[in-house]
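Engineer: coords please:
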Amino acid sequence: LTLWKKEKEQPDFLSLSCYPYMQEKENGVYYEKRISDLNFVRYGIETATEAMQICGFDDLPIHVTEYSFSLSSRNVLNDSCMKAAYLLHNAIDCMGKAELLGQFFYTDAFADGKDTGAILFGGNGFFTKDGIPKPSYYTMEFLNQLYPTVQKKQSHYLITKNDRGSLRFVCHNLKKPNFQYYLEEEDALSIQEIQDVLSDREYLKIRFQVSGVKSGTYVVKTNRLNNHHGSIQDKWVDMNMESELTKKEMNYLRASSISSISIRETECEGECMKLEMELEPN
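Structural biologist: Numbers count the residues shown, from 1 in each chain. You can find the predicted model right below:
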């Protein structure tokens, strides 16, 4: 960056790619050590920001062109609700620190190979190779539906509003992988072992309280993603993880792998909106 500052052509932005690996050396051989702290993207942005300030690039925006918690396209966590919760956690964690966050990548067809005959194989995509949305897709859909103005932000939720007095918020209950996950290769984990490598299985109760909201009756629409709704991985397990599905069975898998929707009414009194949400793990 110091050398770049002396050049005639100056950058419009600084781009980063962020993955949880650190280069280590053992017996004269370099290898990639996995990082267990899932806040690594924010740490990377903060490190780059500090370097940019030192070198006089204070006003330069940062673009994280690609990131994920795993480079492996054979990691079953990529197909799980844990990946979806991680993406939401990361979006909230990095808000205001980077102008752009690019998730790698769009579809599992990118990583299709001779060993990918199954419906799911741990690919990094938002969609299966057959075009069925995975849990991670719904995180992006939820984020895309938020309003432009941030009303409140905490570690597990984000509340947004528009100029018509409507609110939209997202929340998550991320359960990170425990030490067992890091004791074996990323592509060695099986679907049946996912629950064993999560930090815990506790529910999370979140109470929202938003002031400055006009009193009256409000319609609350809830879009929910969990192991029962929107998880193609769990639906596929219920179908015995069969690879050779008929057209009817594929249509059923596609139709049943969607997030749930519920609608109710609630009263807002004293210009204070109060809501309560209990979240399953991931």
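
Engineer: Pass me the low-pLDDT residue ranges in the stretch 101-250 of the chain, would you?
Structural biologist: Counting by pLDDT under 70, the stretch 101-250 of the chain contains no low-confidence segment.

Engineer: residue ranges for the strands of it, please.
Structural biologist: For the stretch 101-250 of the chain, strands defined by DSSP state E, counting those that start in this stretch occupy the ranges 149-154, 157-161, 167-171, 204-211, 216-224.

Engineer: and the last one with strand 167-171, angle?
Structural biologist: In this case it means strand 216-224. When axes from the mean of the first three to the mean of the last three CA atoms, to 10 degrees is applied, the directions of strand 216-224 and strand 167-171 differ by 30 degrees.

Engineer: counting contacts, what elements does strand 216-224 pack onto?
Structural biologist: Other elements packing on strand 216-224 under the criterion 3 or more CB pairs under 8 Å, 6 or more residues apart in numbering; DSSP states H and E are strand 260-268, strand 272-279. C-betas here are computed from N, CA, C, even on glycine.

Engineer: Adding mean pLDDT and distance to Arg42 as columns, could you present these in CSV?
Structural biologist: Listed next are the helices and strands packed on strand 216-224 as CSV, based on pLDDT from 0 to 100; distance: least, CB to CB, whole Å:
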stretch, mean pLDDT, distance to Arg42
strand 260-268, 96, 31
strand 272-279, 94, 22
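
Engineer: Format those strands as CSV; extra columns: distance to Ser211 and mean neighbour count.
Structural biologist: Output for the helices and strands packed on strand 216-224, formatted as CSV (distance: least, CB to CB, whole Å; neighbours: other CB atoms under 10 Å):
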stretch, distance to Ser211, mean neighbour count
strand 260-268, 10, 10
strand 272-279, 5, 15
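
Engineer: close enough to count as contact, Ser72 and Glu184?
Structural biologist: No. In this structure, Ser72 is not within contact of Glu184 by CB atoms under 8 Å, at 11.9 Å.

Engineer: More neighbours: which of those two?
Structural biologist: Taking neighbours as other CB atoms under 10 Å, Ser72 and Glu184 compare with Ser72 leading, 19 against 11.

Engineer: Distance of the spatially closest residue to that one that is not a sequence neighbour relative to Leu146?
Structural biologist: With CB to CB, 6 or more residues apart in numbering as the criterion, Ser72 has its nearest non-adjacent residue at 4.2 Å, and that residue is Glu186. Distance check for Glu186 against Leu146: by CB to CB, to the nearest Å, it reads 31 Å.

Engineer: go on, Cys171?
Structural biologist: Distance, Cys171 to Leu146, using CB to CB: 12 Å.

Engineer: can you give me the helices in this protein?
Structural biologist: For the chain, the helices defined by DSSP state H occupy 40-55, 81-93, 135-144, 232-238, 247-256.

Engineer: hey, C-alpha coordinates of the third one in CSV?
Structural biologist: I take that to be helix 135-144. This file holds the C-alpha atoms of helix 135-144, laid out as CSV (Å, rounded to 0.1, in the frame of the first residue of the first chain):
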residue,chain,number,x,y,z
PRO,A,135,-30.7,-22.9,3.6
SER,A,136,-28.0,-20.4,2.8
TYR,A,137,-30.1,-19.0,-0.1
TYR,A,138,-32.9,-18.0,2.4
THR,A,139,-30.4,-16.0,4.4
MET,A,140,-29.7,-13.9,1.3
GLU,A,141,-33.4,-13.6,0.6
PHE,A,142,-34.1,-12.4,4.1
LEU,A,143,-31.3,-9.8,3.9
ASN,A,144,-32.5,-8.6,0.5
